[in-house]
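In: this one's structure only:
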């Protein structure tokens, strides 16, 4: 049974210490909100919402001065890959800069989709044209579970990339290996992408954070047995080099 977004949001508000509350401007049929805290302590949320029977819109709103701003459309498409496990995210890059990512189908096959991205330098009043994060020319396959993280000169991105997986082999019951890639977005341009690991979990989220000048990226290799933590100095990540320290922890 699917629980409505309004009910979930109401339960979250009840559990908060602040007596002030409001509900984000979700429309009918809204799905998969992503909530973050901005640098100034306000809240920013993005979500999918159907525009008509074939088109979804990706919207956002901000909790500002004790109320939610009117919802604003970032992008609309008939080709969104709408999935409960891997959904769009919004990220505050500092000042009035916002970033957003989503998945977009690359063929009629169920699991062929790319990671798309857009940015705004005026706090969402306008957005850049969408562009593809994975730099494989739109090769068919799964690309997703992207994480944003701040860097000194821009924003870092890491994601799962299935460009090497190939088709399902009925004899071996395999599809090849899912890899994880990273790149940086600086001054309006994507940097060179780097493959951080060539074999990771196919459907596990990534996570990343910047601490001073060190990038920490957590990746699940096997959902039962082990995960990896990649640690790198930011200057090396920007140059597209592999992490300076590669730590594997087996559970």
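Out: Good, I have the coordinates. Bear in mind the structure is a predicted one, so any value in this text is a computation, not a measurement.

In: Nearest residue to the spatially most central residue of the chain in space, please, no chain neighbours.
Out: Centroid-nearest residue in the chain, with Cα atoms, centre = their mean: residue 146, separated by 3.8 Å. In this structure, residue 146 finds its nearest non-sequential neighbour in residue 159, 4.0 Å apart by Cβ to Cβ, 6 or more residues apart in numbering. Bear in mind the C-beta positions are built from the backbone N, C-alpha and C, glycine included.

In: and the host helix or strand of that neighbour, which residues are buried?
Out: Following DSSP states H and E, one finds residue 159 within strand 154-161. Within strand 154-161, the residues that qualify as buried by neighbour count (16 or more other Cβ atoms under 10 Å) are 154, 155, 156, 157, 158, 159, 160, 161.

In: likewise stretch 104-123?
Out: Buried-residue list, stretch 104-123, by 16+ other Cβ under 10 Å: 104-106, 111-120, 123.

In: Closest one of those residues to residue 45?
Out: residue 123 (14.2 Å; Cβ to Cβ).

In: which non-adjacent residue is nearest that closest one?
Out: Of all residues not flanking residue 123 in the chain, residue 96 sits nearest, at 4.0 Å (Cβ to Cβ, 6+ apart).

In: what's that neighbour in contact with, if anything?
Out: 120, 121, 122, 123 (Cβ atoms under 8 Å, 6 or more residues apart in numbering).

In: beta partners of the first one?
Out: On the basis of DSSP bridges, residue 120 takes part in beta bridges with residue 98.

In: hang on, the earlier thing: which one of the contacts of residue 96 is nearest residue 176?
Out: residue 120 (36.5 Å).

In: Relative to residue 92, how far out is the closest one?
Out: Note on residue 120: its distance to residue 92, by Cβ to Cβ, to the nearest Å, is 11 Å.

In: Residue 134 too?
Out: 23 Å.

In: more crowded one of these two?
Out: residue 134 (25 against 21; other Cβ atoms under 10 Å).

In: Report the beta-bridge partner residues of residue 155.
Out: The partner residues for residue 155, given DSSP bridges, come to residue 150, residue 185.

In: who touches the residue nearest to residue 111 when sequence neighbours are not counted in this structure?
Out: Excluding the flanking residues, the one nearest residue 111 by Cβ to Cβ, 6+ apart is residue 142, at 5.1 Å. The contact partners of residue 142, by Cβ under 8 Å, 6+ apart, come to 111, 112, 113, 160, 162, 165, 178, 202.

In: Could you list which of the residues you listed belong to strands?
Out: 113, 160, 178 (DSSP state E).

In: my guess is the second one contacts residue 197, does it?
Out: No. Using Cβ atoms under 8 Å, residue 160 makes no contact with residue 197, being 10.1 Å away.

In: list residues touching both of the two?
Out: Common neighbours of residue 160 and residue 197 (Cβ under 8 Å, 6+ apart) are 179, 180.

In: before we move on, back to that, now do the shared contacts for residue 120 and residue 92.
Out: residue 98.

In: in the protein, which ranges drop under the pLDDT threshold?
Out: For the chain, the stretches with pLDDT under 70 are 1-21, 168-174, 223-251.

In: can you give me the helices for it?
Out: Applying DSSP state H to the chain gives helices spanning 5-14, 234-238.

In: now the contacts of residue 142 in JSON lines, with distance to residue 57?
Out: Formatted as JSON lines, the contacts of residue 142 follow (distance: Cβ to Cβ, whole Å):
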{"residue": "111", "distance to residue 57": "23"}
{"residue": "112", "distance to residue 57": "22"}
{"residue": "113", "distance to residue 57": "18"}
{"residue": "160", "distance to residue 57": "25"}
{"residue": "162", "distance to residue 57": "27"}
{"residue": "165", "distance to residue 57": "30"}
{"residue": "178", "distance to residue 57": "30"}
{"residue": "202", "distance to residue 57": "29"}
